[in-house]
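**Student:** give me a 3D structure for the following:
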Amino acid sequence: MSDLFWPGDERADGLMDDAALLAAMVQVEQAWLDALVEVGVAPATAGGSTLDRLVGYDDIALLSRNAAATGNPASGLVALLRERTDGEVARWLHRGLTSQDVVDTALVLLLRDALARVDADLRAQLARLADLATTHRDDPIVGRTLTQHAVPVTVGVKLATWITSVADAWDEIDRTRGRLVLQAGGAAGTLAASVELAGSSETALAVVEHAAGSLDLPVAPPWHTARSLVTRVGDALVTCTDAWGRIAADVATLSRPEIAELSEASGGGSSTMPHKSNPVLAVLLRRAALTGPGLASTLHLAAATSVDERPDGAWHAEWSTLQLLGRRTVVAASQATDLLAGLEVHVGRMRANLDRAEGVDAEQRSMASLTGRGSDGSAYTGIAGDLTDTAIGRARRIAEGHA
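**Tutor:** The predicted structure follows:
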């Protein structure tokens with residue numbers, strides 16, 4: 001999928017696009033129909049269908065037009081599936097569900113795939129950062145605060161701060177993946193139609209459990225207007241773009257020619273200035289970091305205005321917002337992995353910049369004077385080594401699956 005408005009969008013191919021949403025909705029309808037048959041609510045003659053053979057990519061335009069008429073993509077899909085099948089399958093398809101059940105659960109399936117991709121990239125990034133921090137644990141660099149030279153630090157401790165941000169992001173993604181659940185509530189979130197069809201609440205709940213099992217999702221109470229699942233996903237994704245934006249800001253700043261302490265291997269050139277080597281990946285990561293929070297805030301606004309037993313517009317605002325935030329985060333995850341894989345650390349330039357920096361020993365001399373012990377001129381880096389070692393250990397545990 002190409003997108004000239006968002007360079008790199010093809011890195012998210014197959015995730016959270018129209019085709020993926022259509023396939024996921026069909027998967028939900030299939031799981032529910034199979035569950036009705038398995039539990040004995042629907043007759044055996046309603047089973048054995050393969051719904052995904054009935055619709056495909058060529059139907060997306062039609063379904064899009066139908067969605068404009070009904071307000072959601074599920075209604076038109078159900079009508080099309082019933083039109084293309086017959087007998088008991090058509091009669092029992094979608095019975096007990098509502099359109100929000102189908103769309104919400106389909107979005108959960110799409111988000112599960114997107115979060116898995118982000119998880120894999122975060123682990124790769126932490127493995128690379130652990131290696132870099134190990135290599136450059138004690139290499140000196142001038143610390144900068146409020147844009148000015150401060151005191152000496154180490155490359156290891158700078159990388160440790162990157163590790164902390166990425167590891168915290170992984171924590172959020174990992175927790176969020178465990179919170180993705182089925183949506184099945186019927187018209188007003190009470191499963192009234194399913195209970196009526198099944199003859200008892202116990203049997204209706206058995207249908208829900210079977211469908212959830214088919215989709216490999218946990219069962220949860222209906223969440224038609226309780227949208228914390230959605231906002232948690234949004235917040236987790238933005239925690240990732242925050243972390244990558246922080247790294248990108250360092251890379252962009254430290255790759256300036258007058259500093260030249262870091263460089264990325266993207267080889268970004270200029271259309272008119274052949275001498276330039278732009279930090280393209282860092283620039284694109286900053287783009288994602290700048291736009292992600294606004295998308296997450298839309299999800300929170302939608303959650304805060306979800307009214308009645310089914311939302312009127314707030315729910316609808318979530319779909320494309322989740323798509324944009326999900327795809328853009330997947331793209332940024334891949335770009336961050338590439339940036340770190342090719343990151344070059346120029347230790348000699350770091351040492352030279354530190355040696356030229358004025359006043360970076362002022363605090364050391366002041367502390368030495370206060371104690372009366374005098375300064376022996378040794379490296380003034382405090383517990384940098386301990387901080388680096390702790391971060392490296394955390395990064396390796398996550399990267400190796402031991403967190």
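**Student:** surely residue 328 and residue 288 touch.
**Tutor:** Yes. Between residue 328 and residue 288 there is a contact at 5.4 Å, judged by Cβ atoms under 8 Å. The way it works is simple: take the backbone N, C-alpha and C, and place the C-beta from them, glycine included.
**Student:** so, low pLDDT: which residues of this protein?
**Tutor:** Across the chain, the ranges flagged by pLDDT under 70 are 266-276, 377.
**Student:** measure residue 84 to residue 233 for me?
**Tutor:** 33 Å (Cβ to Cβ, to the nearest Å).
**Student:** give the contact list for residue 65.
**Tutor:** Counting by Cβ atoms under 8 Å, 6 or more residues apart in numbering, residue 65 makes contact with residue 76.
**Student:** sec struct for it, please.
**Tutor:** What DSSP: H, G, I helix; E, B strand; the rest coil gives for residue 65 is helix.
**Student:** how about the strands in the stretch 51-200 of the chain?
**Tutor:** Per DSSP state E, counting those that start in this stretch, the stretch 51-200 of the chain carries strands over the ranges 140-145, 148-154.
**Student:** a markdown table for those, including mean neighbour count and distance to residue 389?
**Tutor:** Converted to a markdown table, the strands of the stretch 51-200 of the chain look like this (neighbours: other Cβ atoms under 10 Å; distance: least, Cβ to Cβ, whole Å):
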| stretch | mean neighbour count | distance to residue 389 |
| --- | --- | --- |
| strand 140-145 | 18 | 17 |
| strand 148-154 | 18 | 11 |
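**Student:** who's more crowded, residue 84 and residue 233?
**Tutor:** Between residue 84 and residue 233, residue 233 has the larger neighbour count (other Cβ atoms under 10 Å), namely 29 against 14.
**Student:** which helix or strand contains the more buried one?
**Tutor:** helix 228-254 (DSSP states H and E).
**Student:** now swap in residue 32 and tell me
**Tutor:** Short version, using DSSP H and E: residue 32 is in helix 18-39.
**Student:** now that helix: buried residues?
**Tutor:** For helix 18-39, the neighbour count (16 or more other Cβ atoms under 10 Å) marks 20-39 as buried.
**Student:** kindly report the same for stretch 240-249.
**Tutor:** 240-248.
**Student:** and if you look at stretch 114-132?
**Tutor:** 114-115, 117-119, 121-132.
**Student:** how far is that stretch from where the chain is centred?
**Tutor:** 12 Å (Cα atoms, centre = their mean, to the nearest Å).
**Student:** other residues contacting that stretch?
**Tutor:** Applying Cβ under 8 Å, 6+ apart, the set of residues contacting stretch 114-132 is 12, 15-16, 159, 162-163, 166-167, 169-170, 173-174, 176-177, 180, 233, 236-237, 240, 326-327, 329-330, 333-334, 336-337, 340-341, 343, 345, 392, 395-396, 398-401.
**Student:** again with stretch 357-374
**Tutor:** 142-143, 149-152, 354, 375, 380.
**Student:** likewise for stretch 231-238?
**Tutor:** With Cβ under 8 Å, 6+ apart, stretch 231-238 has contacts from 111, 115, 118, 169, 172-173, 175-176, 179-180, 292-293, 295-296, 299-300, 303, 321-322, 325-326, 329.
**Student:** tell me how far the nearest residue to residue 225 once chain neighbours are set aside lies from residue 104.
**Tutor:** Nearest in space to residue 225, with sequence neighbours left out and distances taken as Cβ to Cβ, 6 or more residues apart in numbering, is residue 306 at 4.1 Å. Separation of residue 306 from residue 104 (Cβ to Cβ): 12 Å.
**Student:** do residue 197 as well
**Tutor:** For residue 197, the distance to residue 104 - Cβ to Cβ - is 21 Å.
**Student:** ok, the one residue sitting closest to the centre of the chain to residue 231 distance?
**Tutor:** The centroid of the chain falls nearest to residue 237 when counting by Cα atoms, centre = their mean (3.7 Å). Here residue 237 is placed at a distance of 11 Å from residue 231 (Cβ to Cβ).
**Student:** hmm, back to that, residue 306 and residue 104: which has the busier surroundings?
**Tutor:** More crowded of residue 306 and residue 104, by other Cβ under 10 Å: residue 104, with 26 against 21.
**Student:** helices of the chain, start to end?
**Tutor:** 18-39, 60-70, 73-83, 87-92, 99-135, 155-177, 192-198, 201-215, 228-254, 280-304, 314-341, 347-356, 362-371, 384-399 (DSSP state H).
**Student:** elements contacting the last one?
**Tutor:** Translated: helix 384-399. helix 99-135, strand 148-154, helix 155-177 (3 or more Cβ pairs under 8 Å, 6 or more residues apart in numbering; DSSP states H and E).
**Student:** mind putting the ones you listed into TSV with distance to residue 227?
**Tutor:** TSV is the format used below for the helices and strands packed on helix 384-399 (distance: least, Cβ to Cβ, whole Å):
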stretch	distance to residue 227
helix 99-135	10
strand 148-154	43
helix 155-177	14
